[in-house]
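Peer 1: fold the following for me, if possible:
(one chain, ligands or ions: 2)
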Amino acid sequence: MSKKPVRVAVTGAAGQIGYAILFRIASGEMLGKDQPVILQLLEIPDEKAQKALKGVMMELQDCAFPLLVEMQAHGDPMTAFKDVDYALLIGSRPRGPGMERAELLAVNAQIFTAQGKALNAVASRNVKVLVVGNPANTNAYIAMKSAPDLPGKNFTAMLRLDHNRALSQIAAKTGKAVADIEKLTVWGNHSPTMYADYRFATVNGESVAKMINDQEWNANVFLPTVGKRGAAIIEARGLSSAASAANAAIDHMHDWALGTNGKWVTMGIPSDGSYGIPKDVMFGVPVTCENGEYKRVEGLPIDAFSQQCIDKTLKELLDEQAGVAHLL
Ligand SMILES: NC(=O)C1=CN([C@@H]2O[C@H](COP(=O)(O)OP(=O)(O)OC[C@H]3O[C@@H](n4cnc5c(N)ncnc54)[C@H](O)[C@@H]3O)[C@@H](O)[C@H]2O)C=CC1
Ligand SMILES: O=C([O-])CC(=O)C(=O)O
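Peer 2: Ligands and ions are numbered 1, 2, ... in the order given. Purely as a prediction, here's the structure:
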C-alpha cells in the first residue's frame, strides 16, 4: 500500500536554493522514493516573486514526478504552514561580498519571529523545522522561541554544509573516500567561528587525526578553509552557495527523517546544557538519528584547543542572541 503523503513547506521557494532543492524533494531524494509529498511553497507577497514562483511550479509540473501529489503557492506563512510535517525555512536575504552572516540579523530576524509564530499556530505538532536562512543558528533560535507550543527539539539549524565541506577537505588531505570517513563533527555556529573537529574521525577504524598528525594544518589551513568557504564561493561566483546548500538541506532532513544507521552527522540543535553550552543555544553538535529523532553524541572529551574553539563560537552565538532579545 502506498504511503500517506506528507506536507513539506519550503520558504524562499523562488530563490536560488529553492530552485536547487524543490526538484530533489519532489523526486523523493529527501524523504524516500516511496514517500508522496505535498509542497506548500512560500514567497513574499510581491507580484514579481509570486510570478517567479509560478514559473518554478510550472517546471515542477513538467517533470511529472510520480511522488508529487499536490503543490500550492502561498504569500502568507499562516496558510503555507498549515498542517506541515516538514518546514524548510530558506527564504531570507543572502549576504554579498565583504559581509559577515551575522550582519544579516538586522534584515532577517523578523522573518523568523513571524514564521515561528505561524508554525506555532498551524503546523503539525510534530513538524520538523530546518532553518537555512542566515544567520541560521540564531534565526532557528528566534523561530523556536516564537513557537512556545511546539517542542523546542523540533527546531534545527543547518550545519550540514560545514560538515560536508569538512568531509571533502579531509578526504582530499588523507586520500581516503568521503564515504569511508566517520565520526566527524562541526561544533557551534554556522559562521567562520565554527569548529570542525576530526579528533574522533576514523576511516575503516583508523584514526584520521593520527593519519594527518599536523596541528599546524588543522589550525591554519583546515579550519579557515571550512570556516570561510561560504565567503570564498561568494567571491568566486558573485552569489552565495546554492546547490551545495540545497544538497546539505536534503541530507539534513533525509537523515533526521530516515535515520543514519549509527553514523554521526552534524545538526544545529537546541542545547540541553551538555558540553557547557547554555540551554537552548542553537549549537552544532554530533548526532545520530533513528526513528525520526536525533540524539546528541554524549560525553566526548574536549581538550584545551577544542575548548578554546568552542568558547569562541559560543560567545558569538550568545552575542547574536543578545542582539535579538528585544524581538522575543
Ligand atoms: N545555512 C547555510 O548553510 C546556508 C544558508 N544560506 C542562506 O539561505 C538564504 C537564502 O539564500 P538564496 O536562496 O541564495 O537567496 P535568494 O535571494 O536567491 O532567495 C531568497 C528567496 O527568499 C524569498 N524571501 C525573502 N523573504 C521571505 C519571506 N519572509 N518569506 C518567504 N520567502 C522570502 C525571496 O523573495 C527570495 O526569492 C540566505 O539567507 C543565505 O544566506 C545560503 C547558503 C548556505
Ligand atoms: O556564506 C554565505 O553567506 C552562504 C552560506 O551560508 C554558506 O555558503 O555557507
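
Peer 1: sketch out the low-pLDDT regions of this structure for me.
Peer 2: When residues are selected by pLDDT under 70, those of the chain lie in 1.

Peer 1: tell me the domain boundaries of it?
Peer 2: Under the assignment the TED database, the domains of the chain span 6-157, 159-324.

Peer 1: so which of those domains is the most surrounded?
Peer 2: domain 6-157 (a mean of 20; mean count of other CB atoms under 10 Å). (Glycine included, C-beta is placed from N, CA and C.)

Peer 1: mind checking how far residue 308 is from ligand 2?
Peer 2: 23 Å (CB to the nearest ligand atom, to the nearest Å).

Peer 1: meant to ask about residue 204, not that
Peer 2: 30 Å.

Peer 1: touching, that residue and residue 181? I think so.
Peer 2: No. With contact defined as CB atoms under 8 Å, residue 204 does not reach residue 181; the gap is 9.7 Å.

Peer 1: measure the residue of the stretch 151-300 of the chain found nearest ligand 2 to residue 310 for me?
Peer 2: As assessed by CB to the nearest ligand atom, ligand 2 sits closest to residue 230 within the stretch 151-300 of the chain, at 2.1 Å. With distances taken as CB to CB, to the nearest Å, residue 230 is found 20 Å from residue 310.

Peer 1: then residue 120?
Peer 2: Taking CB to CB, one finds residue 120 at 31 Å from residue 310.

Peer 1: do the same with residue 30
Peer 2: With CB to CB as the criterion, residue 30 and residue 310 are 30 Å apart.

Peer 1: what do you get for residue 190?
Peer 2: Distance from residue 190 to residue 310, by CB to CB: 15 Å.

Peer 1: got the CA positions of the biggest helix by length in the chain in CSV?
Peer 2: Using DSSP state H to define each element, the chain has its longest helix at helix 304-323. Provided in CSV are the C-alpha atoms of helix 304-323 (Å, rounded to 0.1, in the frame of the first residue of the first chain):
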residue,chain,number,x,y,z
ALA,A,304,42.2,22.7,25.6
PHE,A,305,42.4,23.6,21.9
SER,A,306,38.8,22.4,21.3
GLN,A,307,37.5,24.2,24.4
GLN,A,308,39.0,27.4,23.1
CYS,A,309,37.3,27.0,19.7
ILE,A,310,34.0,26.0,21.3
ASP,A,311,34.2,29.0,23.7
LYS,A,312,34.8,31.3,20.7
THR,A,313,31.8,30.1,18.7
LEU,A,314,29.6,30.0,21.8
LYS,A,315,30.5,33.6,22.6
GLU,A,316,29.5,34.7,19.1
LEU,A,317,26.1,32.9,19.4
LEU,A,318,25.4,34.4,22.8
ASP,A,319,26.2,37.9,21.4
GLU,A,320,23.8,37.2,18.4
GLN,A,321,21.1,36.0,20.9
ALA,A,322,21.6,39.1,23.0
GLY,A,323,21.2,41.2,19.8
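
Peer 1: how about the contacts made by the residue in the stretch 1-150 of the chain that ligand 1 sits nearest to?
Peer 2: Residue of the stretch 1-150 of the chain nearest ligand 1, by CB to the nearest ligand atom: residue 15 (2.0 Å). Residues near residue 15 by CB atoms under 8 Å, 6 or more residues apart in numbering: 90-91.

Peer 1: please identify the residues of the chain in proximity to ligand 1?
Peer 2: 11-12, 14-18, 42-44, 49, 90-95, 111, 132-134, 136, 158, 161, 190, 240-242, 245 (CB under 6 Å from any ligand atom).

Peer 1: from what I can see the residue of the stretch 151-300 of the chain closest to ligand 2 touches residue 99, true?
Peer 2: No. Counting by CB under 8 Å, residue 99 is not a contact partner of residue 230; they are 10.4 Å apart.

Peer 1: quick check: neighbours shared by these two?
Peer 2: Here residue 230 and residue 99 share no contacting residue, scored by CB under 8 Å, 6+ apart.

Peer 1: helix, strand or coil for the residue nearest to residue 71 when sequence neighbours are not counted?
Peer 2: Closest residue in space to residue 71, ignoring its immediate chain neighbours: residue 39 at 4.1 Å, by CB to CB, 6 or more residues apart in numbering. Put simply, residue 39 is strand when judged by DSSP: H, G, I helix; E, B strand; the rest coil.

Peer 1: what bridges to residue 39?
Peer 2: Beta bridges link residue 39 to residue 8, residue 71, judged by DSSP bridges.

Peer 1: got a list of what it touches?
Peer 2: 8, 10, 22, 25-26, 60, 68, 70-72.

Peer 1: from those, pick the one nearest residue 171.
Peer 2: The closest of the contacts of residue 39 to residue 171 turns out to be residue 25 (CB to CB; 26.8 Å).

Peer 1: check the gap between the residue lying closest to residue 2 once chain neighbours are set aside and residue 134 for me.
Peer 2: Once flanking residues are discounted, residue 2 sits nearest to residue 36: 6.7 Å by CB to CB, 6+ apart. Here residue 36 is placed at a distance of 31 Å from residue 134 (CB to CB).

Peer 1: what about stretch 204-216, distance to the chain center?
Peer 2: Relative to its chain's centre, stretch 204-216 lies at 27 Å (CA atoms, centre = their mean, to the nearest Å).
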